[in-house]
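Engineer: Starting from these lines, generate the structure:
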Amino acid sequence: MRSVTYSMNVSLDGYIVGPDGGFNWTTPDEEIFRSWIDEIREVGVHLLGRRLYETMLYWEDADQDPSLDDSQLEWTALWKPLPKVVFSSTLSAVQGNARLASGGLAEEIERLRAEPGEGDIAIGGATLAAEAAALGLIDEYRARVYPVLIGGGIPFFPQRERRVDLELVETRTFSSKAIYLRYRVAR
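Structural biologist: Sure, this is the predicted structure:
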């Protein structure tokens, strides 16, 4: 069965976006960017909320930007053809290899897990991930923790009142002093 993964950059105090809506503290160096490339290779479909979808639209035609380096071109080549499902109540159309979700999150994940296919089902966006977590649908949490305290904003971990036990699967310390943590939900 395909795993559902939630992976984001996060501040040490637990936020993916600061109180001002910014995330400039997460600009990846080459080593961290390579780790994102390695991770996206394992993804078969990406589920996104509207805000993250709109942020990631840049990569749909980034390959036309002559200033991109080899790693950025490699990311674009992987991201662009990747099937994406966008959850939005305000968008009427999406671009690239994306479609609007036709059902609820649980129904979409159940359908995707039942379909033949390889690769993880990745979830991006805090609101969408919070819904998936509340439904017990996330199999792995992956965080690239940056050594910064931003004091508030959108939390990586949704606020909920149930315990979830995790098993540490992998850690990695980057030269920038950011740390990668990969946890599997203990079932």
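
Engineer: so where do the helices sit in the protein?
Structural biologist: 30-40, 50-56, 70-79, 105-114, 126-134 (DSSP state H).

Engineer: so which of the ones you listed comes closest to Arg160?
Structural biologist: With C-beta to C-beta, the closest approach to Arg160 among these belongs to helix 126-134: 5.7 Å. For every residue, glycine as well, the C-beta is placed using N, CA and C.

Engineer: In the chain, which residue is most central in space?
Structural biologist: Gly124 (3.4 Å; C-alpha atoms, centre = their mean).

Engineer: Okay, and the beta partners of that residue?
Structural biologist: Leu48 (DSSP bridges).

Engineer: and the gap between it and Pro28?
Structural biologist: 15 Å (C-beta to C-beta, to the nearest Å).

Engineer: got it, and Ser67?
Structural biologist: 16 Å.

Engineer: Give me the neighbour count for the closest residue to Glu30 other than its chain neighbours.
Structural biologist: Sequence neighbours aside, Ser71 is the residue nearest to Glu30 in space, at 6.4 Å (criterion: C-beta to C-beta, 6 or more residues apart in numbering). Close neighbours of Ser71, defined as other C-beta atoms under 10 Å, add up to 14.

Engineer: surely Ser71 meets Arg34?
Structural biologist: Yes - shown here, Ser71 and Arg34 form a contact pair, counting by C-beta atoms under 8 Å, at 6.4 Å.

Engineer: Verify the contact between Gln72 and Ala62 for me.
Structural biologist: Yes - the criterion here is C-beta under 8 Å, and Gln72 meets it with Ala62 at 6.9 Å.
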